[in-house]
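Asker: got a predicted model here, sequence first, then my questions.
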Amino acid sequence: MQPFHAKFPVLLLLMMFVTSCAATRMVDSWHAPNQGKKYQKLLVSRVTKNHSNQKIYEDVLSAELKQRGVEAVPAHMYLKNGDTLAKRQALEKAVQESGAEGILCMQTTNMEKRTNVQPGYMDNYPGYWYPSAFPYWDMYGYYGGASTFYEPPVVTTYNVATIQVHLFDTSSSKLVWAATFESSEPGNAVSVSKDLADEITDSLSREGLI
């Protein structure tokens, strides 16, 4: 059996890799200068052709905003017969019916594969497995000892999604806040939407927009 101390460096590297890649993180953000307005009611929109995905993202972010004291409404509640907010008439109708002061839009803009290589582990091999050096050394010592001196590199390939989020003011139609996020779990809509909702609301709160 391989001693734990030999496995530890590789296990530590794997833990660091998983921790760094599992979360959805903000890459950058922007907000309009001299923007002092706090938004009390927002229309939350996910731009995608996948309706179930749209509903998950809009519902999760709306729920998180409500916990922050913002009256948030999912856009899918105002869209019927396959309409999207890309249609000006549908957008105007959703804004009017919801009474929203702003529209918070989420959209996946890029998907790419990335490769992470964690270096292997190598210890100093003595180079002299002879009785004169180790008089009590046997075959069990050889195989047990030899396995502690080398671990191969670990190569992991994973998908990364780029998600852009924009906040538009409905009265002026101007962009007041924008942010770019990356997630290494794009296929897990529930997990990503929860992480994204936390990041979005934290940023909006820091900027004094909610």
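Answerer: Cool, the structure landed. Numbering: from 1, shown residues only.

Asker: export stretch 63-78 as PDB, just CAs?
Answerer: Taking C-alpha atoms only, stretch 63-78 is exported to PDB below (Å, rounded to 0.1, in the frame of the first residue of the first chain):
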ATOM      1  CA  ALA A  63     -35.300  34.700  -5.700                       C
ATOM      2  CA  GLU A  64     -31.900  35.900  -4.600                       C
ATOM      3  CA  LEU A  65     -32.800  39.500  -5.400                       C
ATOM      4  CA  LYS A  66     -36.000  39.200  -3.400                       C
ATOM      5  CA  GLN A  67     -33.900  38.100  -0.400                       C
ATOM      6  CA  ARG A  68     -31.900  41.400  -0.900                       C
ATOM      7  CA  GLY A  69     -35.200  43.400  -0.700                       C
ATOM      8  CA  VAL A  70     -35.600  43.900  -4.500                       C
ATOM      9  CA  GLU A  71     -38.900  43.200  -6.200                       C
ATOM     10  CA  ALA A  72     -37.700  40.900  -9.000                       C
ATOM     11  CA  VAL A  73     -39.800  39.300 -11.700                       C
ATOM     12  CA  PRO A  74     -38.700  36.600 -14.100                       C
ATOM     13  CA  ALA A  75     -39.200  37.600 -17.800                       C
ATOM     14  CA  HIS A  76     -40.700  34.200 -18.700                       C
ATOM     15  CA  MET A  77     -43.800  35.200 -16.800                       C
ATOM     16  CA  TYR A  78     -44.600  37.800 -19.500                       C
END
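
Asker: buried sites along that stretch?
Answerer: Judged by neighbour count using 16 or more other Cβ atoms under 10 Å, the buried positions of stretch 63-78 are 64-65, 70, 72-78. Heads up, the C-betas are built off the backbone N, CA and C, glycines and all.

Asker: the bottom helix or strand of this protein by mean pLDDT?
Answerer: Among the helices and strands of the chain, helix 4-22 carries the lowest confidence by mean pLDDT, DSSP states H and E, at a mean of 45.

Asker: tell me, how many residues neighbour E207?
Answerer: 17 (other Cβ atoms under 10 Å).

Asker: distance of it relative to S172?
Answerer: Applying Cβ to Cβ, to the nearest Å, the value for E207 to S172 is 17 Å.
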